[in-house]
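**Q** predicted model and sequence below, questions to follow.
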Protein chains: 2
Amino acid sequence: MLDCAIIGGGPAGLTAGLYTTRGGLANVTMFEKGMPGGQITGSSEIENYPGVTGEITGMDLMMPWPEQCQRFGLKHAMVEVMKVDHNDDGSFTIHKGDGTSEDALSVIIATGSTPKRAGFKGEDELFGKGVSTCATCDGFFYKGKEVAVIGGGDTALEEAVYLSNICSKVYIVHRRETFRAAPNTIKRVMDTENIELILNATPEEVYGDKMGVNGIKINTPEGLLDLQVPGVFTFVGMNVNNDVLKKEDGTFICDVNEAGEVIVNLRMRTSVPGLYAAGDIRIDAPKQVVAAAGDGAVAAVNVIPYVDEVKNSREK
Amino acid sequence: MLDCAIIGGGPAGLTAGLYTTRGGLANVTMFEKGMPGGQITGSSEIENYPGVTGEITGMDLMMPWPEQCQRFGLKHAMVEVMKVDHNDDGSFTIHKGDGTSEDALSVIIATGSTPKRAGFKGEDELFGKGVSTCATCDGFFYKGKEVAVIGGGDTALEEAVYLSNICSKVYIVHRRETFRAAPNTIKRVMDTENIELILNATPEEVYGDKMGVNGIKINTPEGLLDLQVPGVFTFVGMNVNNDVLKKEDGTFICDVNEAGEVIVNLRMRTSVPGLYAAGDIRIDAPKQVVAAAGDGAVAAVNVIPYVDEVKNSREK
């Protein structure tokens, strides 16, 4: 029986591993089928992780984490987790992709969320080199320059307003005539002088070279438009990686919001005792490395007394 | 009028400064009367800030932060803040120690909290060299060793249980015969084999040398007891640094809990629009650098759209 099973090996999961093991839990496994490090390892430049300066890639930023986080005894199981069951006795069962399972007294779910791709040509090739899904992360790299935002929902419009404070001009490329967003957000977009709308339009192809994006070609009612911008931000939805929490009837083992994000309190507790969430999978996450890592620490310091208490009561 | 006033220059305040300015707020000042860096600069060794490895002091850990956080335009006002007023028009006035004041559209309060000293001989001299107020931070340095815990409240007992998972033995030194703590916590202490109680006892003197603490002398009903332990953890209460939020009638400008900690939600919003809190001053804070920094990022990404909106509505 594991003291704690950590699902996911990004900044949240790694930090949860560091704090649980360093805090005295003897038997903690982090389940991560790939190399630890998370989504950020796909980023070409990070300058907002406090304390780590210089021009650094996401890969370089995360390089020292696994060793640091594993030196206190965290085990890494390189296997996919298919499903987490909440058992009648309060424990959890982790069903693994190899068909076997492990039991755990507590679980920290840190599987994150993945931005959806818009699906135009060049998007994958230039992702992280001018194509971005995070204005907070990458907006500043286009200070004083023009950028395109793809999408027409709340997030797209909010991020467009955010970018308008940094960039000289923001084009919003949206496939419909109208926006599906909060009226107040739409109003703010309309009130912002350096935002220009390109409606009834779909991206055809983003193009560039080794240095990054040079522009994006857009199908519009007036024909093909060539926007020569160095940055393209796509906001066409998120896949919350919550499949492992899904029961067979399609409901979840813990409370989630309408977007499927796990509902937590300030201690990262979910609605299920012993189940904690950390990082991008939880509600209101800013989707930043330092915040995900903070979540991992918070979840861990709250898991430890929980596990102590459960063990104590089980011994009787 | 400042876009945002950040009060406090520890990990939370610095990171809030990084994210607000990098996120496009043009006019942000961090008020910190001393050198930025915060309480952690008094620690002799940190090994749990993710991504920063090796034997590093708190001072070294925080060394690169001010420059990194200020390169996007954050201003540092080296002045004490006496009081923050919430004005009728929704803005804030920052009253400074030099008698002048500044107005701000939003405020991030990140003044932290300070552990109280127990008041025995040698405590100050050996603080950070064997005398600690944080089990999560320093417990691991005494793995397999004996430590003393000074205090008898909830925190002292909870931290003693935490330390009992790491240390070979934990002595709880408490000045009374009984504990003022939750019955369940007391029960867990009683059930833990490697915790020993020393009651009706007060610390006389902690002693040591350049290498750190060698032991602590304790006044007990049976006479002076010499506990030869390398670690002494004091938990005799916290001073929450919330004075700047106090009104003249002694109430606070925003909701606080019974301990005086600022009540926030997952976006670090307080009960007052435009006022955010980050780090150790808020409820449920784990008092860890990475979590405080995460809070600063969260507060900042939520302040930015707030300020945008207020500016937008003021322009009309």
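**A** That came through fine. Fair warning: this is a prediction, and the values are worked out from it, not measured in the lab.
**Q** list of residues touching stretch A:30-41?
**A** The contact list for stretch A:30-41, computed with Cβ atoms under 8 Å, 6 or more residues apart in numbering or on different chains, reads A:5-14, A:16-17, A:46, A:58-59, A:61-62, A:65-66, A:69, A:74-81, A:94, A:96-97, A:112, A:114, A:280, A:289, A:292. The way it works is simple: take the backbone N, C-alpha and C, and place the C-beta from them, glycine included.
**Q** give me the buried positions along that stretch.
**A** A:30-32, A:36-41 (16 or more other Cβ atoms under 10 Å in any protein chain shown).
**Q** pull the most distant pair out of the residues you listed.
**A** Spanning the widest gap among the buried residues of stretch A:30-41 are A:31 and A:40, at 18.9 Å by Cβ to Cβ.
**Q** ends of stretch A:59-69, how far apart?
**A** Terminal residues of stretch A:59-69 are spaced 16 Å apart (Cα to Cα, to the nearest Å).
**Q** what's the local residue count around the closest residue to chain B within the stretch 101-250 of chain A?
**A** Closest contact between the stretch 101-250 of chain A and chain B, by Cβ to the nearest Cβ, is at residue A:165 (2.9 Å). Around residue A:165 there are 22 other residues, counting by other Cβ atoms under 10 Å in any protein chain shown.
**Q** check contacts around it.
**A** Contacts of residue A:165 (Cβ under 8 Å, 6+ apart): B:23-25, B:304, B:308.
**Q** what pLDDT does residue A:211 get?
**A** pLDDT for residue A:211: 91.
**Q** quick one: it from residue B:26, how far?
**A** Distance, residue A:211 to residue B:26, by Cβ to Cβ, to the nearest Å: 29 Å.
**Q** of the two, who's got more company?
**A** Neighbours per residue, other Cβ under 10 Å: of residue A:211 and residue B:26, the larger number sits with residue B:26, 12 against 9.
**Q** just to check, the more buried one is in contact with residue B:3?
**A** Yes: using Cβ atoms under 8 Å, residue B:26 is in contact with residue B:3, at 6.3 Å.
**Q** other SSEs contacting the helix or strand that contains residue A:310?
**A** For residue A:310, the host element (DSSP states H and E) is helix A:289-314. Applying 3 or more Cβ pairs under 8 Å, 6 or more residues apart in numbering or on different chains; DSSP states H and E, we find helix A:289-314 packed against helix A:11-22, strand A:107-109, strand A:275-277, helix B:154-164, helix B:183-191, helix B:289-314.
**Q** low-confidence stretches in the stretch 101-250 of chain A?
**A** Scanning the stretch 101-250 of chain A for pLDDT under 70 picks out nothing.
**Q** let's verify residue A:124: helix, strand, or coil?
**A** Classification of residue A:124 by DSSP: H, G, I helix; E, B strand; the rest coil places it in coil.
**Q** isn't it right next to residue A:117, touching?
**A** Yes: contact criterion Cβ under 8 Å: residue A:124 and residue A:117 qualify, at 7.0 Å.
**Q** what comes into contact with stretch A:133-149?
**A** Residues from elsewhere that reach stretch A:133-149 (Cβ under 8 Å, 6+ apart): A:43, A:45-48, A:115, A:132, A:156, A:159-160, A:162-163, A:166-173, A:216, A:227, A:229-235, A:286-288, B:19, B:22-24, B:72, B:301.
**Q** ok, the residue nearest to residue A:200 when sequence neighbours are not counted - how many residues close by?
**A** Nearest non-adjacent residue to residue A:200, counting by Cβ to Cβ, 6 or more residues apart in numbering or on different chains: residue A:221, 5.3 Å away. Residues near residue A:221, counting by other Cβ under 10 Å, number 7.
**Q** gap between residue A:221 and residue A:195?
**A** Going from residue A:221 to residue A:195 by Cβ to Cβ gives 20 Å.
**Q** same check on residue A:47?
**A** Separation of residue A:47 from residue A:195 (Cβ to Cβ) stands at 25 Å.
**Q** next: residue A:261.
**A** Residue A:261 is 28 Å from residue A:195, by Cβ to Cβ.
**Q** same question for residue A:5.
**A** For residue A:5, the distance to residue A:195 (Cβ to Cβ) stands at 45 Å.
**Q** so the strand or helix carrying residue A:76, near chain B or not?
**A** Element membership for residue A:76 (DSSP H and E) is strand A:75-77. No: applying Cβ under 8 Å from any Cβ of the partner chain, one finds strand A:75-77 out of contact with chain B, separated by at least 15.5 Å.
**Q** got the contact list for that strand?
**A** Against strand A:75-77 from outside (Cβ under 8 Å, 6+ apart): A:9, A:28-32, A:36, A:66, A:70, A:96.
**Q** show me those residues that map onto strands.
**A** Among the contacts of strand A:75-77, the members falling in strands (DSSP state E) are A:28-31, A:96.
**Q** so who does residue A:237 touch?
**A** A:115-116, A:153.
**Q** could you find the closest non-adjacent residue to residue A:259?
**A** Once flanking residues are discounted, residue A:259 sits nearest to residue A:240: 6.3 Å by Cβ to Cβ, 6+ apart.
**Q** just list whatever residues bridge to that neighbour.
**A** residue A:113 (DSSP bridges).
**Q** was I right about it contacting residue A:263?
**A** No: using Cβ under 8 Å as the test, residue A:240 is too far from residue A:263 to be in contact (11.9 Å).
**Q** now the common contact residues for the two.
**A** residue A:256.
**Q** can you read off the backbone torsions of residue A:127?
**A** phi -70, psi 130 (degrees, to the nearest 10).
**Q** excluding chain neighbours, give the residue nearest to it in space.
**A** residue A:42 (7.0 Å).
**Q** with residue A:169 instead?
**A** The shortest distance from residue A:169 to any non-neighbouring residue, by Cβ to Cβ, 6+ apart, is to residue A:146 (4.3 Å).
**Q** that neighbour - how many residues pack around it?
**A** Residue A:146 has 19 nearby residues by other Cβ under 10 Å.
**Q** and residue A:70, what's its pLDDT?
**A** Looking at residue A:70, its pLDDT is 85.
**Q** distance check, it against residue A:3.
**A** Here residue A:70 is placed at a distance of 16 Å from residue A:3 (Cβ to Cβ).
**Q** who's more crowded, these two?
**A** Using other Cβ under 10 Å as the criterion, residue A:70 and residue A:3 rank with residue A:3 on top: 23 against 17.
**Q** what residues does the residue of the stretch 1-150 of chain A found nearest chain B make contact with?
**A** As assessed by Cβ to the nearest Cβ, chain B sits closest to residue A:24 within the stretch 1-150 of chain A, at 2.9 Å. Going by Cβ under 8 Å, 6+ apart, residue A:24 touches A:304, B:139, B:162, B:165-166.
**Q** name the SS class of residue A:83, please.
**A** Recorded secondary structure, residue A:83: strand (three-state DSSP).
**Q** surely it is in contact with residue A:253?
**A** No: Residue A:83 sits out of contact with residue A:253 when judged by Cβ under 8 Å, with a separation of 9.3 Å.
**Q** so between these two, which is more surrounded?
**A** residue A:253 (21 against 17).
**Q** pretty sure the more buried one contacts residue A:274?
**A** No: contact criterion Cβ under 8 Å: residue A:253 and residue A:274 do not qualify, at 11.0 Å.
**Q** how much space separates residue A:86 from residue A:72?
**A** Note on residue A:86: its distance to residue A:72, by Cβ to Cβ, is 27 Å.
**Q** check residue A:184 too.
**A** For residue A:184, the distance to residue A:72 equals 47 Å [Cβ to Cβ].
**Q** if we can go back for a sec, can I get the buried ones among the contacts of stretch A:30-41 as something I can paste into PyMOL?
**A** Under the burial definition 16+ other Cβ under 10 Å, those of the contacts of stretch A:30-41 that qualify are selected in PyMOL by:
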select buried, chain A and resi 5+6+7+8+9+10+11+12+13+14+16+17+46+58+61+62+65+66+69+74+76+77+79+81+94+96+112+280+289+292
